[in-house]
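Chemist: coords below, sequence missing:
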């Protein structure tokens with residue numbers, strides 16, 4: 001029997017903070033109070049401080065001397081760089097996954113897309129976004145390259161938080177679902193050229209949508 005090690009206070013604080021940054025509970029640019037967070041979790045400030053340091057390394061938190069921690073914020077240029085990064089690393093991983101584990105990749109992507117369609121129809125946005133994250137993670141799981149996975153994992157939280165932010169746009173998830181369905185069909189056919197074109201268009205829409213999301217937030221005071 002394998003014993004499951006209980007999570008440390010640092011791990012609990014890390015999980016709590018990461019989830020709330022990704023789901024938008026803690027919004028971009030928001031100041032994070034160590035004391036308030038430690039009170040909410042019922043722990044000392046030490047594990048919270050350690051968790052914030054880890055999130056700084058993941059790019060989810062910015063820590064300034066004498067000012068404390070705040071949730072990351074993104075400029076238009078940073079969003080463009082994230083999109084460039086995603087296009088390069090996801091396409092490289094797609095090539096490896098199609099070469100090394102095509103059947104498993106097809107089966108898992110079709111399964112995730114089926115669930116995405118279900119939860120989108122049910123209006124469960126949180127589950128849909130979680131599955132969106134899972135869809136892209138599958139590319140790396142089946143690529144079989146620990147270095148690519150580690151590189152993506154370093155920024156996956158920031159990418160997931162950006163996905164959540166863009167979901168406020170009225171038609172964003174509708175378009176996103178259509179694009180994921182199309183990518184899954186191309187994967188089923190094993191058509192790398194089509195995958196490349198679809199993936200580029202899918203990620204490129206993030207560049208355009210970020211400006212729309214920023215304007216939407218200002219106009220609705222979200």
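Modeler: Great, that's in hand. Please read these numbers as outputs of a predicted model, since none were measured by experiment.

Chemist: how about the contacts made by residue 125?
Modeler: Contact analysis of residue 125 by Cβ atoms under 8 Å, 6 or more residues apart in numbering lists 167, 173. Heads up, the C-betas are built off the backbone N, CA and C, glycines and all.

Chemist: and for residue 17?
Modeler: With contacts defined as Cβ under 8 Å, 6+ apart, residue 17 is in contact with 26, 32, 37, 48, 51-52, 55, 60-61.

Chemist: which of the helices or strands spans it?
Modeler: Using DSSP states H and E, residue 17 maps to helix 9-22.

Chemist: can you list the strands that the very next helix or strand once past that helix pairs with?
Modeler: Sequence order places strand 31-32 as the next helix or strand after helix 9-22, per DSSP H and E. Using DSSP bridges, strand 31-32 pairs in its sheet with strand 68-71 (antiparallel).

Chemist: which strands and helices sit next to the helix or strand just after the partner strand?
Modeler: Moving toward the C-terminus from strand 68-71, the next helix or strand (DSSP H and E) is helix 76-100. Helices and strands touching helix 76-100, by 3 or more Cβ pairs under 8 Å, 6 or more residues apart in numbering; DSSP states H and E, are helix 125-143, helix 146-153, helix 156-166, helix 192-220.

Chemist: for helix 76-100, which outside residues touch it?
Modeler: 74, 105, 136, 138-140, 142-145, 148, 151-152, 155, 158-159, 162, 187, 190, 192, 195-196, 199-200, 203-204, 206-207, 210-211.

Chemist: now those: which count as buried?
Modeler: Buried members of these, counted by 16 or more other Cβ atoms under 10 Å: 74, 105, 136, 138-140, 142-143, 148, 152, 155, 158-159, 162, 187, 195-196, 199, 203, 206, 210.

Chemist: got the buried residues for the helix holding residue 17?
Modeler: For helix 9-22, by 16+ other Cβ under 10 Å, it's 9-10, 12-14, 16-18, 20-22.

Chemist: ok, the residue most central in space within the chain - contacts?
Modeler: Central residue of the chain (Cα atoms, centre = their mean): residue 160, 1.8 Å from the mean position. For residue 160, the contacting residues are 22, 129, 133, by Cβ under 8 Å, 6+ apart.

Chemist: low-confidence ranges, the protein, go.
Modeler: Within the chain, the ranges that satisfy pLDDT under 70 run 1-6, 214-222.
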